[in-house]
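# have a look at this prediction, sequence included:
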Amino acid sequence: MAAEGDFLMRYRAVSNKLKKRFLRKPNVAEASEQFGQLARELKQQDCLQYAAFCNLAMARCEQTLFNAPGEALALTDAARLFLLSERENHALRSPGFDEHLQAALNCYSFAIKVYIEMNQPVMAASLCLELGNALKEMNRPGEATVHFQRAAELQTQMPVEALLSLWELASCKILTRDYDGALVVLSEMQMMCQERGLQLPGTNTPVGAFMDIVAKCEISRVLLLMLLEPPPQKLLPEHAQTLERYAWESFDSHSQVSFLPENIFLLLQSVVMACQEKDIDSLKSLQTELWPLLSAEQNHLLHLVVQERITPSGQGV
């Protein structure tokens, strides 16, 4: 309580310096520096929310001084402190109403807005990603999707970075069981790679990082299609085209998807066939073979596919 009382006294003392007096202009720059010093001291004392409030006061001072970079930095510091305070509360299982998280969201939102007004979309996107990753780690993937989507929109001039943000978006949709939404995002990513990515001369095969992303998207899309089993009349052309490549009749189809390693392509082709034949034993065997070749998320999707075949009613999803 003593520390809290000392904080309030010093905070009010600095705030009083900002009050307008007759024929005397307040020294906003000095007040901003003092708020910053108080924030640093409180952070060292592990009084995170109080330090965040001081950074907010500092941001208001920088706004008054028309110092947008300083305002954005102070808002970002406040957001991170509020977020850290929220994480500590969760770790201690303290009861609350997520008030520190809400404060962090507001601070991030204002900082992003300032960076956009400064025509710095890269900085704005980095904060969107930072917030999205924090929410995902806190087991709030549904709330994180908005921020990953915003990051991708701000990264239009950086296709690889935009694709990585969209990958996180698709991952969050899978975590929230929005498999249709994840399929839409992954299909959009694959199209972006083929339209905007570097390609081998005379082909439509992406190279480098774009090839890696297309390969990951292809595997996840096939597994999602096996999980969702859309009826033929509702199958979109791009999804029908994908499944055609994995039909047993198309033995030369691997030449069309050379971005996939041959062993994974053949195993996926076998998975599609086993799903169509409802051959559960073959699916389990293929799951064992594919397990070391897929990511944790892809293995989760494959597990759902197998469970859906075991329990066709949908209880396995």
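Ah, there it is. Just so it is clear, the structure is predicted and the values come from calculations on it, not from any experiment. Residues are numbered from 1 along each chain as shown.
# what's the neighbour count on Ile264?
16 (other Cβ atoms under 10 Å). Glycine gets a C-beta too; all of them are placed from N, C-alpha and C.
# confidence score at it?
As predicted, Ile264 sits at a pLDDT of 93.
# show me the shaky parts of this structure.
Within the chain, the ranges that satisfy pLDDT under 70 run 1-5, 21-23, 197-205, 248-258, 313-317.
# can you give me the helices in it?
Using DSSP state H, the helices of the chain run over 2-16, 28-44, 48-64, 68-91, 99-117, 121-137, 141-154, 159-175, 179-196, 209-228, 237-245, 262-277, 280-290, 296-310.
# and the fifth one, what does it pack against?
By that I understand helix 99-117. helix 48-64, helix 68-91, helix 121-137 (3 or more Cβ pairs under 8 Å, 6 or more residues apart in numbering; DSSP states H and E).
# export only the CA atoms of stretch 127-136, formatted as PDB.
Below are the C-alpha coordinates for stretch 127-136, written out as PDB (Å, rounded to 0.1, in the frame of the first residue of the first chain):
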ATOM      1  CA  LEU A 127       2.200  -5.100 -33.600                       C
ATOM      2  CA  CYS A 128      -0.800  -7.000 -35.100                       C
ATOM      3  CA  LEU A 129       1.300 -10.200 -35.200                       C
ATOM      4  CA  GLU A 130       2.600  -9.600 -31.700                       C
ATOM      5  CA  LEU A 131      -0.900  -9.300 -30.400                       C
ATOM      6  CA  GLY A 132      -2.200 -12.200 -32.400                       C
ATOM      7  CA  ASN A 133       0.600 -14.500 -31.200                       C
ATOM      8  CA  ALA A 134       0.000 -13.400 -27.600                       C
ATOM      9  CA  LEU A 135      -3.700 -14.200 -27.800                       C
ATOM     10  CA  LYS A 136      -3.000 -17.500 -29.400                       C
END
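# in it, which residues are buried?
127-132, 134-136 (16 or more other Cβ atoms under 10 Å).
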